[in-house]
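# quick one, structure for this:
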Amino acid sequence: MTVRIGVIGTGMIGEEHSRRITQQLTGGEIVAVTDVNLDQARAVVDRLGLEARVFDDGQSLIQSDDVDAVLVTSWGPTHEEYVLATIAAGKPVFCEKPLATTAEGCRHIIDAEIKAGRRHVQVGFMRRYDSGYRMMKEAIDSDRLGETLMIHAAHRNPEVPERYITPMAIHDTLIHELDTFRWLLDDDYKSAQVLFPRKTRHAHSKVEDPQIVLLETVKGVRIDVEVFVNCRYGYDIQCDVVGEDGIARLPEPQSLQFRQAGQRSNEILQDWKKRFSEAFDVELQSFIDGAAAGEIGGPSSWDGYAAAIAGDVCVKAQESGGIEVIEMPERPAFYT
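Take a look at the predicted model:
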């Protein structure tokens, strides 16, 4: 069975996902696209050589009998509307983060999915599909490290545009860590604090950079995350899990090492697309396979909701400077 996929949002991520599905993965075909900029949508169809219809809007694409499954890669504030419409149409939907821009919006999606009686949604938290994080998860689950005590992590970007402001360090950047740590530890958060070290001269006036986010989980694990989005030198994701009996460190991306002119050096990646290329392939293939089988897996609407709740509290902690409590509702049996 070939899953006929419609893509809502043909910006950088939408085009990249469409390229992967068309050129690298199996079992899926892009048959429909749309974007708020229809000329951009048509240009993507031409660049990728797609035999796809360009729809005037997302709602008509979702309702089309020619579309079996939907990818939502549009602007974040539109996600809730399109995911709800896809659930109502009885179709599987892959939604890039955020699932919705508010925790309340995520809850609307959860309620709709539970009412429908089965999972429709896979959220685009691709780190769960990265080989390094998977090895780290296996080490934790097998008790190789003993009880986990702490996590030290960093999320660094070379630079960000002028439109990137202080809360986006949480909602657009830390959001990946907020999901990843819950998954690694099989735990939820109970408090958050955000500290602002000395500001880098490379940050513009509307963003405080770097930031240090301090989290505590229900089981008592302490987590510190450095978010530094103007580090200049590259895209760098770090994670050390400290256990009673040892430490697991996230592997560095594979790169060629040089010994030349009296120096030893290797390349540092400059963007997320190369760093998590394999993870994107695995997550999208998982979605296609799940859509074909009628059984969607991977990060769920509940995971999107949990990340949104924690993110909202972290933004509150940015503003207050204090320790803020994170209160997670009880997980519905539907998602266990």
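# is it true that residue 279 touches residue 129?
Yes - Residue 279 is in contact with residue 129 according to Cβ atoms under 8 Å; the separation is 4.2 Å. Any C-beta I mention is one placed from the backbone N, CA and C, and that applies to glycine too.
# going on from the helix or strand bottoming out on mean pLDDT in the chain, what's the next piece of helix or strand?
Ranked by mean pLDDT, DSSP states H and E, the weakest helix or strand in the chain is helix 272-275, scoring a mean of 79. Using DSSP states H and E, the next helix or strand after helix 272-275 towards the C-terminus is helix 277-293.
# for that next one, packing partners?
strand 3-8, helix 12-23, strand 28-34, strand 69-72, strand 121-123 (3 or more Cβ pairs under 8 Å, 6 or more residues apart in numbering; DSSP states H and E).
# possible to save these as JSON lines with mean neighbour count and mean pLDDT?
Formatted as JSON lines, the entries for the helices and strands packed on helix 277-293 read as follows, by neighbours: other Cβ atoms under 10 Å; pLDDT from 0 to 100:
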{"stretch": "strand 3-8", "mean neighbour count": "26", "mean pLDDT": "98"}
{"stretch": "helix 12-23", "mean neighbour count": "18", "mean pLDDT": "96"}
{"stretch": "strand 28-34", "mean neighbour count": "23", "mean pLDDT": "98"}
{"stretch": "strand 69-72", "mean neighbour count": "27", "mean pLDDT": "98"}
{"stretch": "strand 121-123", "mean neighbour count": "27", "mean pLDDT": "98"}
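# can you put those in TSV and add distance to residue 304?
Below are the helices and strands packed on helix 277-293 laid out as TSV (distance: least, Cβ to Cβ, whole Å):
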stretch	distance to residue 304
strand 3-8	17
helix 12-23	16
strand 28-34	22
strand 69-72	12
strand 121-123	4
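# nearest to residue 275, of these?
helix 12-23 (13.2 Å; Cβ to Cβ).
# give me the angle between that closest one and strand 28-34.
With axes from the mean of the first three to the mean of the last three Cα atoms, to 10 degrees defining the directions, helix 12-23 sits at 150 degrees from strand 28-34.
# that's a strand at residue 296, yeah?
No - counting by DSSP: H, G, I helix; E, B strand; the rest coil, one finds residue 296 to be coil, located in no strand.
# I'd like to know how far it sits from residue 30.
Remark: distance between residue 296 and residue 30 (Cβ to Cβ, to the nearest Å) = 19 Å.
# okay then, goodbye and thanks.
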